[in-house]
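J.: here is the input, now give the coordinates:
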Amino acid sequence: MNLIEKIAEVQKEIGKMSKNQKGYNYQYFDINQILEQLKPLLEKNKLAVTQPLTNLEGKPALMTCVYDLETDEKIETITPLIESTKPQDMGSCITYYRRYSLQSLFVLEAEDDDGKTASKPAKKAPSTAEALQADTPDFLD
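T.: Predicted structure coming up:
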């Protein structure tokens, strides 16, 4: 099997994951949950993943690499990071992009909270008759 076939195998085997963390009114995968489920499948398929910090055009970035340990094939992606002078903000940013990089690369099944919200139809303003009906006490009906 080549690298792409092995990644497809991991994708098939991982199945659905439930979002186990909640914050800012949405749920998300915890990075440790993703790694806990990925690591045995990576090992089984003789793959390794690294996520070193690097730079892109002189700015901080996250590299995600998947290596085939049998063939030396690899896939690398680089994601620019939001710059901050606060270590806590950078740490949060790094964790966020690590999580979403793995989620994207292995096509982890997850509900897209942002997309779900954006795809909801806009609420239609009530017609004058509907508004009047809503404001009319039951005893006048």
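
J.: where do the strands sit along this structure?
T.: 21-23, 26-28, 47-50, 53-56, 59-68, 74-80 (DSSP state E).

J.: can I get these in TSV with distance to Y96 and mean pLDDT?
T.: Every residue, glycine included, has its C-beta placed from N, CA and C. What follows is those, written out as TSV (distance: least, Cβ to Cβ, whole Å; pLDDT from 0 to 100):
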stretch	distance to Y96	mean pLDDT
strand 21-23	11	57
strand 26-28	9	60
strand 47-50	17	97
strand 53-56	14	96
strand 59-68	10	97
strand 74-80	10	96
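
J.: in this structure, where is pLDDT below threshold?
T.: Counting by pLDDT under 70, the chain contains low-confidence ranges at 17-29, 110-141.

J.: which among the strands of the chain is found nearest to Q103?
T.: Closest approach to Q103 among the strands of the chain (Cβ to Cβ): strand 26-28, 9.1 Å.

J.: how about CSV for the strands of the chain, with mean neighbour count and distance to Q11 added?
T.: Compiled in CSV, the strands of the chain are given as follows (neighbours: other Cβ atoms under 10 Å; distance: least, Cβ to Cβ, whole Å):
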stretch, mean neighbour count, distance to Q11
strand 21-23, 10, 22
strand 26-28, 15, 19
strand 47-50, 16, 12
strand 53-56, 12, 25
strand 59-68, 18, 12
strand 74-80, 14, 13
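
J.: CSV for those, including distance to I4?
T.: Below are the strands of the chain laid out as CSV (distance: least, Cβ to Cβ, whole Å):
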stretch, distance to I4
strand 21-23, 30
strand 26-28, 27
strand 47-50, 11
strand 53-56, 23
strand 59-68, 9
strand 74-80, 8
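
J.: between those strands, which gets nearest to E9?
T.: Where the strands of the chain are weighed against each other on Cβ to Cβ, the nearest is strand 47-50, at 9.2 Å.
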